[in-house]
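Colleague: okay, here's the prediction I keep looking at, along with the sequence it came from:
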Amino acid sequence: MSSKIKLTFLGTSGVIPTAKRNHISVFLQYDNEGILVDCGEGTQRQFRKAKLNPGKITRILITHWHGDHVLGIPGLLQTLALSGYKKALEIYGPSGTKKFMRELLQAFHFVNPIKIEIKEIDKEGIFFENKDFFLESKKMTHGCPCNAYNFVEKGKIRIDKKKLAEAKLPSGPLLQKIKEGKDVFYQGKKYLFKNLTYMQGERKISFVLDTSFNDKIVSFVKNSDLLVIESTYAEDMKETANDYKHLTSSQSAQIAKKANVKKMILTHISQRYDKNNKTLLNEAHKIFKNSFLVDDLDIVEV
């Protein structure tokens, strides 16, 4: 059985937070990985509200260095230090990240600072990979160095439990051999691994937070199982969105449709829609039906 990919939307606001929406941040959980995408002001308190342990964070992916996406970092680092965080926290970000992190760390007196590994992503493509998944980036257009990110779980051989039960094979070394793609012998009979397994394809989660409409997005998020994308403005403010290098809900929906994604989540919502965000969702639905708009602390599983 495949591991769940769980996303908790810790913050969903645009540049200015509201009483309902905190600054932007998304926490992705997968097995022993906890990947925080952006860390807006107040993110550590949102962890408390969501009943999540920030000590589970293994990596932080910074899309860009505008304040609403990073002002929660100092407080989070201090909380981790005072909570006995023992891992080396890996922080990834676009060009300039090392400089900004160095200045941020110099601006505060941290008690018992934790070990941090800062990794600047200058090139597009895969920047982290292990046996289970990889992370990749693509440069966006937002007036400053800005990245979109993909989390991609690799395809895996899975054992068909029903067929295994029918074959009456015992657990243990035989199962391990089957997982490795090997045929096995049991009580004088040969069992072909291909008859007991199936191939689970890749699962892909895309994060596009803050960018103007550009040709790179569709190819980068192509066939995503879940596209998390900004929707700062409605279509009647398309010119304003272009001026500030943001997306409208209709543009996000067009991207989702062209990219053949399975599901789209709208986030980074301007305060002007705080009392009526149905406008954004309705516009998206007209173009891409499987569109959803999240609130703070919503959970989505893939």
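Modeller: That came through fine.

Colleague: residue 70 touches residue 38, doesn't it?
Modeller: Yes. If you go by Cβ atoms under 8 Å, residue 70 and residue 38 touch, sitting 7.1 Å apart. For glycine as for every other residue, the C-beta is placed from the backbone atoms N, C-alpha and C.

Colleague: what is in contact with these two at once?
Modeller: Listed as contacting both residue 70 and residue 38 by Cβ atoms under 8 Å, 6 or more residues apart in numbering are residue 62.

Colleague: can you name the residues that contact the residue of the chain positioned farthest from its centre?
Modeller: Relative to the C-alpha centroid of the chain, counting by Cα atoms, centre = their mean, residue 188 is the outermost residue, at 48.1 Å. By Cβ under 8 Å, 6+ apart, no residues touch residue 188.

Colleague: where does it fall, phi/psi-wise?
Modeller: In terms of degrees, to the nearest 10, the main-chain angles of residue 188 are phi 80, psi 10.

Colleague: check it and give its pLDDT.
Modeller: You'll see residue 188 listed with a pLDDT of 88.

Colleague: for it, give its distance to residue 26.
Modeller: Separation of residue 188 from residue 26 (Cβ to Cβ, to the nearest Å) stands at 53 Å.

Colleague: in the stretch 1-150 of the chain, where is pLDDT below threshold?
Modeller: Flagging of the stretch 1-150 of the chain using pLDDT under 70 yields the residue ranges 1-2.

Colleague: where do the strands of it begin and end?
Modeller: Under the criterion DSSP state E, counting those that start in this stretch, the stretch 1-150 of the chain contains strands at 6-11, 25-30, 33-37, 59-61, 89-93, 116-120, 125-129, 133-139, 147-153.

Colleague: format those strands as JSON lines; extra columns: mean neighbour count and distance to residue 167.
Modeller: Formatted as JSON lines, those follow (neighbours: other Cβ atoms under 10 Å; distance: least, Cβ to Cβ, whole Å):
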{"stretch": "strand 6-11", "mean neighbour count": "23", "distance to residue 167": "33"}
{"stretch": "strand 25-30", "mean neighbour count": "23", "distance to residue 167": "30"}
{"stretch": "strand 33-37", "mean neighbour count": "22", "distance to residue 167": "33"}
{"stretch": "strand 59-61", "mean neighbour count": "23", "distance to residue 167": "40"}
{"stretch": "strand 89-93", "mean neighbour count": "20", "distance to residue 167": "42"}
{"stretch": "strand 116-120", "mean neighbour count": "15", "distance to residue 167": "46"}
{"stretch": "strand 125-129", "mean neighbour count": "14", "distance to residue 167": "34"}
{"stretch": "strand 133-139", "mean neighbour count": "20", "distance to residue 167": "30"}
{"stretch": "strand 147-153", "mean neighbour count": "23", "distance to residue 167": "27"}
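
Colleague: got those as a markdown table, with distance to residue 286 columns?
Modeller: Output for these, formatted as a markdown table (distance: least, Cβ to Cβ, whole Å):
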| stretch | distance to residue 286 |
| --- | --- |
| strand 6-11 | 23 |
| strand 25-30 | 26 |
| strand 33-37 | 28 |
| strand 59-61 | 31 |
| strand 89-93 | 35 |
| strand 116-120 | 40 |
| strand 125-129 | 34 |
| strand 133-139 | 27 |
| strand 147-153 | 24 |
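
Colleague: closest to residue 292 out of those strands?
Modeller: strand 6-11 (10.7 Å; Cβ to Cβ).

Colleague: what's the angle between that closest one and strand 25-30?
Modeller: 170 degrees (axes from the mean of the first three to the mean of the last three Cα atoms, to 10 degrees).

Colleague: contacts for strand 6-11?
Modeller: Contacts of strand 6-11 with the rest of the structure, by Cβ under 8 Å, 6+ apart, involve 17, 21-30, 40, 42-43, 46-47, 50, 52, 205, 226, 228, 265, 267, 294-302.

Colleague: which of those residues are buried?
Modeller: Neighbour counting by 16 or more other Cβ atoms under 10 Å classes 17, 21-30, 40, 42-43, 46-47, 50, 52, 205, 226, 228, 265, 267, 294, 296-298, 300, 302 among those as buried.

Colleague: distance between the ends of stretch 257-274?
Modeller: Stretch 257-274 has an end-to-end distance of 26 Å (criterion: Cα to Cα, to the nearest Å).

Colleague: what's the closest non-adjacent residue to residue 192?
Modeller: Closest residue in space to residue 192, ignoring its immediate chain neighbours: residue 183 at 5.2 Å, by Cβ to Cβ, 6 or more residues apart in numbering.

Colleague: residues near that neighbour, how many?
Modeller: Applying other Cβ atoms under 10 Å, we find 13 residues neighbouring residue 183.

Colleague: try the one 10 residues further on
Modeller: By other Cβ under 10 Å, the residues close to residue 193 number 16.

Colleague: mind listing the helices for this protein?
Modeller: Using DSSP state H, the helices of the chain run over 43-49, 67-70, 73-82, 97-107, 161-167, 173-179, 193-196, 216-220, 238-243, 249-259, 278-287.
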